[in-house]
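Enquirer: build me a model:
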Amino acid sequence: MTTLPFALLLLGATLAYFINRRAAVLLRSGGANLHSSPGYHGLFAGLAVVIPVLAITLLWMFLDGPVIDRLIMVGLPTDAFEAGDEGAASLVLTEIQSLAGGRVFGDPEPWKQDAADQLNALRAASGNLLIAAIAIISLAILGLRRARLRPGLRARQGSERLIHGLMVFCSVVAILTTIGIVSALLFETIKFLNKVPLTEFLFGLNWEPQIPIREDQVAASGAFGWIPVLVGTLVVTVVALTVAVPTGLFAAVYLNEFAHQRFRALAKPALEILAGVPTVVYGFFAILVIAPALRSFGASLGLDVAPNSALAAGVVMGVMLIPFITSFADDAITAVPQSLRDGALALGSTRGETMTKVLFPAAIPGIVGGVLLAVSRAIGETMIVVMAAGLIARLTLNPLDSVTTVTVQIVTLLIGDTAFDNPKTLAAFALGMMLFLVTLGINILALRIVHKYREAYD
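Expert: Numbering: from 1, shown residues only. I've put the predicted structure just below:
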């Protein structure tokens, strides 16, 4: 049902564009001196239809579900659930929604089936009203814009104002979304720190978030020191960067300066394919190929390699980061002015000397910025380390051991039936806040390096 309103909106905007553009062309052909070109008249009309109607459509869809659910709950029998029991009310509403979707389990009560039929009827009526509203509003705006079309209409300025307002709105949405994410993390982190001391969380050397699910269950009191989790994250990240940084930089240098154009045209897209591979595929590759190979190789050398190790996860993560670093380094080297390259060659430098003594040093800010952004990507990676690194937190720097990372623990802690206000669940938000602060610091460092050492060329 959501496709038809947006299709109707697109149709209305397209009609507004072509009708007003056609009218402006006719005015100009009749000898009128237009202030703006016909294309701007069409664009102004199209935007005048799209922006308000899209806002109404999104608001309608946002309020549609809660309003209809509220109407259904108000119309239920008084003995459907106890007053004030939000859990029971939620279960009843979920069952009614399942019945409305055709998912019938057992023999539901007649009043539930009636509520499900009413729910479907309200949804259909809401969809029809939305379509009618879109059609009426679009035609009204189209008629208004057509009636106001005249040679002196400043359609270009009007279009620019609408586009500027749209961009400001998108920027505000992005900022508010970021503030909302940070606020949610901060609020839950504060609740966690009210249950677990900050010093224990920041400086504790044990991570065992084992809290009893039930009051009569015997379990450990729990340890929430995040140092082992942080160390495991750093070990995996260091292994990944050890693989990705040299390989990515050498690949960028070769493709930018030494590779034949035909080879570059083939190798560049092939490297970019690695960036499009889903991380779960990398995880399968790590656990099915890399981890057994490392165990076999370690056994031949007399080394004990864990089935899930930081080395396996780091190597595969490094392969994933290679196109990321290569792309950044290649762009940074390409941005160096051609005059520097030509000047070095004219002074008798070889291509290798030109790269190592002129181009690469000049591109260092962009390269370092790309590497630090790759560090942020490695720290935030989840699927590969979930499948290949392990789940148990160990305070070790040995990459052959099984370790866990911040993202793995966040996934683990949020799975299960633990109460949401339990320290075990709230620990996931505390880890998320620490991960956010670490990646934010790395990104700020990357920006400072780029701005401090960036060269301005004429």
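Enquirer: pass me the low-pLDDT residue ranges in the protein, would you?
Expert: Within the chain, the ranges that satisfy pLDDT under 70 run 1, 79-87, 106, 210-222, 416-421, 453-458.
Enquirer: could you pull out the helices for the stretch 101-250 of the chain?
Expert: 110-147, 155-195, 198-203, 227-253 (DSSP state H, counting those that start in this stretch).
Enquirer: what's the shortest one packed up against?
Expert: This points to helix 198-203. Under the contact criterion of 3 or more Cβ pairs under 8 Å, 6 or more residues apart in numbering; DSSP states H and E, helix 198-203 touches strand 223-224. Just so you know, the C-beta spots here come from the backbone N, C-alpha and C atoms, and that holds for glycine as well.
Enquirer: given the strand it packs on, what are its sheet partners and their directions?
Expert: Applying DSSP bridges to the sheet, strand 223-224 is found paired with strand 207-208 (antiparallel).
Enquirer: gap between the partner strand and the chain center?
Expert: What separates the centre of strand 207-208 from the centre of its chain is 29 Å, taken as Cα atoms, centre = their mean, to the nearest Å.
Enquirer: picking up where we left off before, need the winner for burial among the helices of the stretch 101-250 of the chain.
Expert: Comparing the helices of the stretch 101-250 of the chain by mean neighbour count (mean count of other Cβ atoms under 10 Å), helix 227-253 ranks first with a mean of 22.
Enquirer: what's in contact with the next helix or strand after it?
Expert: Using DSSP states H and E, the helix or strand that follows helix 227-253 towards the C-terminus is helix 261-276. Under the contact criterion Cβ atoms under 8 Å, 6 or more residues apart in numbering, helix 261-276 has outside partners Ala251, Leu255, Ala259, Val319, Met320, Ile322, Pro323, Phe324, Thr326, Ser327.
Enquirer: what about the fifth one, distance to Gly248?
Expert: In this structure, Met320 and Gly248 are 11 Å apart, going by Cβ to Cβ, to the nearest Å.
Enquirer: same check, this time on Ile190
Expert: Taking Cβ to Cβ, one finds Ile190 at 40 Å from Gly248.
Enquirer: again, but for Gly370
Expert: Applying Cβ to Cβ to Gly370 and Gly248 gives a distance of 9 Å.
Enquirer: kindly report the same for Ile410.
Expert: Shown here: Ile410 relative to Gly248, a distance of 28 Å by Cβ to Cβ.
Enquirer: now do Thr78
Expert: Between Thr78 and Gly248 the computed distance is 67 Å (Cβ to Cβ).
Enquirer: ok so, going back, greatest separation within the contacts of helix 261-276: which pair is it?
Expert: With Cβ to Cβ as the measure, no two of those lie farther apart than Ala259 and Met320, at 22.4 Å.
Enquirer: neighbour count: the two, which is higher?
Expert: Per other Cβ atoms under 10 Å, whichever of Ala259 and Met320 has more neighbours is Met320, with 24 against 16.
Enquirer: please look at that one and Met383 and confirm they touch.
Expert: No. Met320 lies out of contact with Met383 (Cβ atoms under 8 Å); the separation is 10.2 Å.
Enquirer: can you list residues touching both of these two?
Expert: Thr279, Tyr282.
Enquirer: quick revisit: turn the helices of the stretch 101-250 of the chain into a markdown table, columns for distance to Ala88.
Expert: Below are the helices of the stretch 101-250 of the chain laid out as a markdown table (distance: least, Cβ to Cβ, whole Å):
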| stretch | distance to Ala88 |
| --- | --- |
| helix 110-147 | 13 |
| helix 155-195 | 25 |
| helix 198-203 | 36 |
| helix 227-253 | 38 |
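Enquirer: and of the ones you listed, who's closest to Thr439?
Expert: Comparing these under Cβ to Cβ, the one sitting nearest is helix 227-253, at 11.0 Å.
Enquirer: now for that closest one, which elements pack on it?
Expert: Partner elements for helix 227-253 (3+ Cβ pairs under 8 Å, 6+ apart): strand 207-208, helix 310-334, helix 364-380, helix 406-413.
Enquirer: return the set of buried residues in the third one.
Expert: To tie it back to what came earlier, the one meant is helix 364-380. Across helix 364-380, burial judged by 16 or more other Cβ atoms under 10 Å covers 365-380.
Enquirer: same check, this time on the longest one
Expert: Residues of helix 310-334 classed as buried: 310-330, 332-333 (neighbour count, 16+ other Cβ under 10 Å).
Enquirer: likewise the last one?
Expert: For helix 406-413, a neighbour-count test (16+ other Cβ under 10 Å) marks Val406, Thr407, Val408, Gln409, Ile410, Leu413 as buried.
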